[in-house]
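Undergrad: Sequence plus predicted model, see below.
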Amino acid sequence: MPVTPAPKDETDPHRKPRLGALLAAIALAAGPLTITGCGAADTADAPPLTTTAAPPTVMAAEPVPPHVATLLPGMPPPLSPTDVYAANRTLSPAVADHRPLVYVPNSRSNSVTVIDQATFAVVDTFSAGGLEPQHVVPSYDMQTLYVTNDLPIGGGSLLPIDPRTGAPGAPFPVRDPYNMYYTPDGRFALVVAEADKSLDFYDPRSWEKLHSMPVPDCAGVDHMDFTADGRFALASCEFMGRMLVFDVAQRTVLKLIDLPGGRSGMPQDVKLSPDGHTFFIADMMADGIYTVDAASFEYTGHIPTGKGTHGLYITRDSKQMLVTNRDEGSISVWDFAEQRIVHKWQIPGGGSPDMGNISADGRVFWVSGRYHGEVYAIDIVNWNLLARIPVGGSGPHGLTVWPQPGRYSTGHTGVMR
């Protein structure tokens with residue numbers, strides 16, 4: 001299916017200055033990019049997080065494309081100027097002793113189910129340590145997994161899991177962590193406080209809240225991704241049918257993008273294309289994906305995929321993207337070279353594919369069945385259902401497949417770079 005383009009002028013959007021006059025005005029007001037406080041409640045910034053991942057490879061000396069010319073300070077340089085996910089081919093030595101497991105948060109039963117990737121057997125179930133666990137999030141340095149418990153309102157907690165053993169630790173309080181990301185420099189854990197309408201920046205070791213960025217015009221803030229240079233992020237506002245752009249270093253809202261569906265839209269997962277030029281946004285009510293230019297942050301089109309579009313996952317070779325259509329039990333496949341949907345696969349017997357990730361070898365897509373209390377293991381080479389695994393809990397949501405290839409995690413269910 002072709003992309004339905006948005007009306008635009010004849011100028012190549014990839015050559016437009018990023019946010020144009022808006023950023024220029026902010027730059028004049030703020031001066032050089034520095035990490036500064038947001039108010040009286042802010043404390044000193046967190047020092048950079050030390051990672052045990054393999055050291056980054058610097059790109060060869062050649063003309064650097066504009067979209068990666070000026071990186072967020074402290075961010076590892078991309079391995080390739082044309083592939084954001086170039087590092088996601090092989091496992092880092094930092095995860096060599098981690099057990100190959102799938103961790104499934106069951107939002108309605110407040111538990112975590114653990115599945116063996118090789119046998120498809122449930123090997124453990126334990127308490128989430130809090131109420132309504134939503135996602136299992138790998139830390140920036142890939143050494144801890146965190147279960148995000150976002151209830152009660154005004155409270156919340158994180159439950160750490162040791163990926164070497166698969167065993168949980170003791171939960172600790174963090175307010176309203178519906179979802180969680182890490183800034184690409186590893187400096188902050190970015191808690192998506194959906195109920196509070198806030199993006200909260202924490203020291204990822206002490207878990208002291210250092211900064212809060214209120215987003216009152218982004219009700220239902222829940223998912224995001226970062227530009228190739230790490231300097232900006234695009235977040236979805238699920239309950240307002242719009243997107244929010246913010247400056248990562250300055251922690252400043254730059255722009256709101258109203259999507260064509262208006263207030264009836266429900267944007268969900270967000271993913272940057274491998275070439276770093278386009279953001280893809282799953283929208284459950286639009287039954288497809290919206291596209292936004294990653295340089296100008298302008299809406300560029302809509303791609304129909306299926307009913308209840310929800311999750312987006314780049315394949316290991318960066319050639320395609322899996323799209324979950326939760327309300328019709330299907331998976332669509334977007335091909336980046338062909339710029340179209342090239343395949344659509346229905347789960348035999350039906351299902352409600354929600355969120356998940358791809359195995360380290362790139363062959364198996366693991367995804368939660370949100371309304372069916374199960375997890376699907378799907379062979380995406382031959383497109384066969386390998387297993388339908390009851391999790392013994394209700395409302396399985398943002399599962400994590402671990403370990404994942406990559407140098408560092410930007411969070412969510414294992415978005416690696």
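TA: Done, it's in.
Undergrad: list the contacts for residue 122?
TA: 113, 114, 115, 116, 389, 390, 391, 392 (CB atoms under 8 Å, 6 or more residues apart in numbering). Just so you know, the C-beta spots here come from the backbone N, C-alpha and C atoms, and that holds for glycine as well.
Undergrad: Redo the residues you listed as CSV? Include neighbour count, secondary structure and pLDDT.
TA: Below are the contacts of residue 122 laid out as CSV (neighbours: other CB atoms under 10 Å; DSSP: H, G, I helix; E, B strand; the rest coil; pLDDT from 0 to 100):
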residue, neighbour count, secondary structure, pLDDT
113, 26, strand, 98
114, 20, strand, 98
115, 24, strand, 98
116, 15, strand, 98
389, 21, strand, 98
390, 13, strand, 97
391, 26, coil, 96
392, 15, coil, 83
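Undergrad: Closest one to residue 100 out of the residues you listed, please.
TA: Distance to residue 100, by CB to CB, is smallest for residue 116 among the contacts of residue 122, at 7.5 Å.
Undergrad: what is that closest one paired to in the beta sheet?
TA: residue 101 (DSSP bridges).
Undergrad: What are the neighbouring residues in contact with it?
TA: Applying CB under 8 Å, 6+ apart, the residues near residue 116 are 100, 101, 122, 123.
Undergrad: Just give me the closest of the contacts of residue 122 to residue 146.
TA: Using CB to CB, the contacts of residue 122 come closest to residue 146 at residue 114, 14.9 Å.
Undergrad: That closest one and residue 138, how far apart?
TA: 15 Å (CB to CB, to the nearest Å).
Undergrad: Is it possible to get TSV of the contacts of residue 122 that adds distance to residue 401?
TA: As requested, the contacts of residue 122 are arranged in TSV below (distance: CB to CB, whole Å):
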residue	distance to residue 401
113	13
114	12
115	9
116	12
389	13
390	18
391	14
392	19
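Undergrad: Just the buried subset of the contacts of residue 116, please.
TA: 100, 101, 122 (16 or more other CB atoms under 10 Å).
Undergrad: Which pLDDT value goes with the second one?
TA: If you check residue 101, the pLDDT there is 99.
Undergrad: That one contacts residue 402, correct?
TA: Yes - counting by CB atoms under 8 Å, residue 101 does reach residue 402; the two are 6.2 Å apart.
Undergrad: hey, what's in contact with both of these two?
TA: residue 163.
Undergrad: hang on, the earlier thing: which of the contacts of residue 116 sit farthest apart?
TA: By the measure CB to CB, 100 and 122 form the most distant pair in the contacts of residue 116, at 14.5 Å.
Undergrad: so who does residue 321 touch?
TA: When the contact criterion is CB under 8 Å, 6+ apart, the partners of residue 321 are 271, 280, 312, 313, 314, 315, 333, 334, 336.
Undergrad: err, residue 367, not the other one
TA: By CB under 8 Å, 6+ apart, residue 367 lies in contact with 311, 324, 331, 353, 354, 355, 356, 375, 376, 378, 399.
Undergrad: same thing but 6 Å
TA: 353, 356, 376 (CB atoms under 6 Å, 6 or more residues apart in numbering).
Undergrad: pLDDT at the spatially closest residue to it that is not a sequence neighbour, what is it?
TA: Leaving aside its chain neighbours, residue 367 sits nearest to residue 356 (3.5 Å; criterion: CB to CB, 6 or more residues apart in numbering). For residue 356, the pLDDT comes out at 97.
Undergrad: host element of residue 356?
TA: Using DSSP states H and E, residue 356 falls within strand 353-358.
Undergrad: Can you tell me the strand partners of that strand and which way each runs?
TA: Short version: by DSSP bridges, strand 353-358 pairs with strand 364-369 (antiparallel).
Undergrad: low pLDDT regions in the stretch 1-150 of the chain?
TA: 1-62 (pLDDT under 70).
Undergrad: now the helices for it?
TA: In the stretch 1-150 of the chain, the segments counted as helices under DSSP state H, counting those that start in this stretch are 20-30.
Undergrad: check contacts around residue 89.
TA: Residue 89 makes contact with residue 405 under the criterion CB under 6 Å, 6+ apart.
Undergrad: Would you quantify the distance from it to residue 79?
TA: With CB to CB as the criterion, residue 89 and residue 79 are 9 Å apart.
Undergrad: which residues sit against the strand holding residue 356?
TA: By CB under 6 Å, 6+ apart, the residues outside strand 353-358 that reach it are 310-311, 313, 324, 326, 365-368, 370, 398-399, 401, 413-414.
Undergrad: change it to 8 Å
TA: Residues from elsewhere that reach strand 353-358, judged by CB under 8 Å, 6+ apart: 135, 269, 310-311, 313, 315-316, 322, 324-326, 329-331, 347, 364-370, 375-376, 380, 396-401, 404, 413-414.
Undergrad: need the contact list for residue 346.
TA: Contacts were defined as CB under 8 Å, 6+ apart; by that measure residue 346 touches 328, 329, 330.
Undergrad: The same query, at a cut-off of 10 Å, please.
TA: With contact set as CB atoms under 10 Å, 6 or more residues apart in numbering, residue 346 has these partners: 306, 325, 328, 329, 330, 331, 383, 385.
Undergrad: Likewise for residue 397?
TA: Residue 397 sits next to 104-108, 132-136, 148, 354-356, 368, 370, 413 when contact means CB under 10 Å, 6+ apart.
Undergrad: and with 8 Å instead?
TA: Contact analysis of residue 397 by CB under 8 Å, 6+ apart lists 105, 106, 107, 133, 134, 135, 354, 355, 368, 370.
Undergrad: Look up phi and psi at it.
TA: The phi/psi pair for residue 397 (degrees, to the nearest 10) reads phi -130, psi -120.
Undergrad: and the gap between the closest residue to it other than its chain neighbours and residue 114?
TA: Distances taken as CB to CB, 6+ apart put residue 107 closest to residue 397, at 4.9 Å, once the chain neighbours are dropped. Using CB to CB, we find residue 107 at a distance of 16 Å from residue 114.
Undergrad: can you check residue 237 too?
TA: Distance, residue 237 to residue 114, using CB to CB: 33 Å.
Undergrad: got a list of what the closest residue in space to residue 183 that isn't next to it in sequence touches?
TA: Leaving aside its sequence neighbours, residue 183 sits nearest to residue 248 (CB to CB, 6+ apart; 5.5 Å). Residues in contact with residue 248 (CB under 8 Å, 6+ apart) are 72, 183, 184, 226, 230, 231, 232, 233.
Undergrad: how about 7 Å then?
TA: 72, 183, 226, 230, 231, 232, 233 (CB atoms under 7 Å, 6 or more residues apart in numbering).
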